[in-house]
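[1] please find the sequence and the predicted model below.
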Amino acid sequence: MTICIFFMSSMFGCFAGAGKPIEKVGHHLQKIKDISYKLSVKKIDAPQAAKRILSHMEDIKQLDSKISDTEPIKVLLLPFIEKWHSENNILASLTDGEHLFMSEVNAFFIRGYVAYKDGWKTLFPIFKP
């Protein structure tokens, strides 16, 4: 039984990367928010956070070409990518106290272009942690 559950969960994990480009952008933006949270509770330092965020920004830049020009997210995404394309820009925003970068990340969620993830879902709703 345990082995069966393990294989089923790993099989569903393989399909996690599949999806629409907008959903993938949302995934990367959520990861950026997670990194920002870790930075705020001092689990990582600012240069390390900027490096991690930059890798997600590069993935978002690659996904931008796959998003249709008619999608509303495209209007906000293009200037966002152009403005935050270097580690130095991101690091400066993370450390200056104004947090302009994270304000722009949160704008995607507030405007409804990407959806919040509630966290992981349990297979058995009775046994919620």
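    That came through, no problem.
[2] strands of the protein, residue ranges please.
    Taking DSSP state E as the criterion, the chain carries no strands.
[3] for it, give me the ranges with low pLDDT.
    1-18, 116-129 (pLDDT under 70).
[4] try 80 this time
    By pLDDT under 80, the weakly predicted segments of the chain are 1-19, 115-129.
[5] residue boundaries of the helices in it?
    In the chain, the helices defined using DSSP state H lie at 2-14, 21-40, 46-64, 73-83, 87-95, 100-110.
[6] reformat the ones you listed as JSON lines; add mean neighbour count.
    (Glycine included, C-beta is placed from N, CA and C.) JSON lines is the format used below for the helices of the chain (neighbours: other C-beta atoms under 10 Å):
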{"stretch": "helix 2-14", "mean neighbour count": "9"}
{"stretch": "helix 21-40", "mean neighbour count": "18"}
{"stretch": "helix 46-64", "mean neighbour count": "17"}
{"stretch": "helix 73-83", "mean neighbour count": "15"}
{"stretch": "helix 87-95", "mean neighbour count": "17"}
{"stretch": "helix 100-110", "mean neighbour count": "16"}
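[7] what about Ala115, neighbour count?
    Number of residues near Ala115 (other C-beta atoms under 10 Å) recorded here: 12.
[8] my read is that it contacts Leu29, right?
    No - the pair Ala115 / Leu29 is not scored as a contact, 10.3 Å apart, by C-beta atoms under 8 Å.
[9] give the residues shared as contacts by these two.
    Phe109 (C-beta atoms under 8 Å, 6 or more residues apart in numbering).
[10] which residues does Trp84 contact?
    57, 90, 93, 101, 104.
[11] kind regards, and thank you for your time.
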